[in-house]
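Enquirer: Sharing a sequence plus its predicted fold:
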Amino acid sequence: MRYIDLHTHTYFRSPDDLQLMAVAGIEAVNICAFFPIEPTYGETLIDFFDWLIEEESGRVESCGLTPYVSAGIHPRSIPKNNFDDAANYLLALIDHGKISAVAEVGMDSGSQKEEEVLRIQLRFAVEYDMPILIHTPRTNKPQILNKLLSILEDERVDPPRVLIDHVTPDLVKKVLDFGAFCGLTVQPGKLTPADVAAVLKEHGSKQLVVDSDLGMYPSDPLALPKTAKHLDREGFSAAEIERILYYNPKLLLR
Ligand SMILES: [Zn+2]
């Protein structure tokens with residue numbers, strides 16, 4: 001079985017964790033940008049993006065994983081000053097083919113500011129036909145998902161270029177009907193492999209993606225292989241399992 005983990009923040013984890021992922025069959029990881037405070041200046045994000053592209057990708061590769069690097073301004077790390085500098089730099093990275101996706105972006109509190117920041121980045125992504133990974137929050141998820149979908153529609157984003165992530169089982173249908181990929185995050189406090197099995201049984205594998213959101217909070221480098229093991233024991237076919245753990249992530253990163 002092969003795996004691509006579409007949502008990771010590898011820079012918060014040790015080489016041991018990354019080597020473990022490689023040994024377990026994870027071929028590639030998408031390194032998503034998330035700076036864990038609101039930076040004082042946009043320039044902080046510029047340096048952070050450069051770090052991911054110039055240093056972290058090499059570190060990940062040296063652990064046996066193929067790195068895809070993404071950049072984006074997360075709703076919880078919007079710079080207090082010089083936002084335009086960070087946004088213009090993101091656009092330059094896209095234009096120069098330095099990143100694989102616009103990630104991690106989205107909404108958290110649902111504020112007007114978050115909406116503005118998201119819309120700017122969606123316009124960049126649409127202009128360059130880039131994949132987009134959208135964060136959805138723990139609180140008010142249904143309301144904020146509705147808002148996100150209406151913004152995506154309004155900005156004429158092509159749904160198959162989008163992963164709406166951290167979707168809960170009750171909201172899967174809404175995301176699938178919209179036409180986006182639906183991210184199921186297997187992590188303590190989010191979903192379990194058993195939750196994935198239930199969603200897969202009800203909705204099929206066509207637009208589902210499982211990821212770990214590996215990062216600074218409790219999260220499992222082996223979330224994908226453990227999910228595959230569980231699905232196999234539940235009787236799902238290898239083709240279906242590989243679709244949500246390898247081929248769908250690959251489609252998004254094409
Ligand atoms: Zn994340």
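Expert: Everything's here; your move.
Enquirer: List, one by one, the residues from this structure near the ion.
Expert: Glu104, Asp213 (Cβ under 5 Å from the ion). C-beta coordinates here come from the backbone N, C-alpha and C atoms, glycine included.
Enquirer: where are the low-confidence patches of the chain?
Expert: Applying pLDDT under 70 to the chain flags no residue at all.
Enquirer: was I right about Phe178 contacting Leu149?
Expert: Yes: counting by Cβ atoms under 8 Å, Phe178 touches Leu149, with 5.4 Å between them.
Enquirer: Looking at these two, which one has more neighbours?
Expert: Neighbour comparison, Phe178 and Leu149: the larger count goes to Leu149, with 20 against 17 (by other Cβ atoms under 10 Å).
Enquirer: Kindly indicate whether the more buried one is helix, strand or coil.
Expert: On the three-state scheme (DSSP: H, G, I helix; E, B strand; the rest coil), Leu149 is labelled helix.
Enquirer: distance of it from the ion?
Expert: Distance, Leu149 to the ion, by Cβ to the ion, to the nearest Å: 19 Å.
Enquirer: Might one say that Val60 is in contact with His9?
Expert: No: counting by Cβ under 8 Å, Val60 stays clear of His9, with 11.2 Å between them.
Enquirer: any common contacting residues for the two?
Expert: Common contacts of Val60 and His9 (Cβ atoms under 8 Å, 6 or more residues apart in numbering): Ile31.
Enquirer: For the two, indicate the residue with more neighbours.
Expert: Higher neighbour count among Val60 and His9: Val60, with 26 against 23, using other Cβ under 10 Å.
Enquirer: Wasn't the more buried one part of a strand?
Expert: No: with three-state DSSP as the criterion, Val60 is located in helix rather than a strand.
Enquirer: Quick check: the gap between the residue nearest to it when sequence neighbours are not counted and the ion.
Expert: Nearest residue to Val60, sequence neighbours excluded (Cβ to Cβ, 6 or more residues apart in numbering): Pro67, at 4.1 Å. Distance of Pro67 to the ion, computed by Cβ to the ion: 16 Å.
Enquirer: what about the helix or strand hosting Pro67, distance to the chain center?
Expert: Taking DSSP states H and E as the definition, Pro67 sits inside strand 66-71. Offset of strand 66-71 from its chain centre (Cα atoms, centre = their mean, to the nearest Å): 11 Å.
Enquirer: Check what contacts that strand and list those residues.
Expert: 10, 27-33, 49, 52-53, 56-58, 60-61, 90, 93, 98-104, 133, 253.
Enquirer: One more pass at 6 Å, please.
Expert: 27-28, 30-33, 49, 52-53, 57, 60-61, 90, 93, 99-101, 103, 253 (Cβ atoms under 6 Å, 6 or more residues apart in numbering).
Enquirer: Narrow those residues to those in strands?
Expert: Glu27, Ala28, Asn30, Ile31, Ala101, Ala103 (DSSP state E).
Enquirer: So which of the residues you listed wins on neighbours?
Expert: Ala103 (30 neighbours).
Enquirer: ok, it to Leu20 distance?
Expert: Distance, Ala103 to Leu20, by Cβ to Cβ, to the nearest Å: 23 Å.
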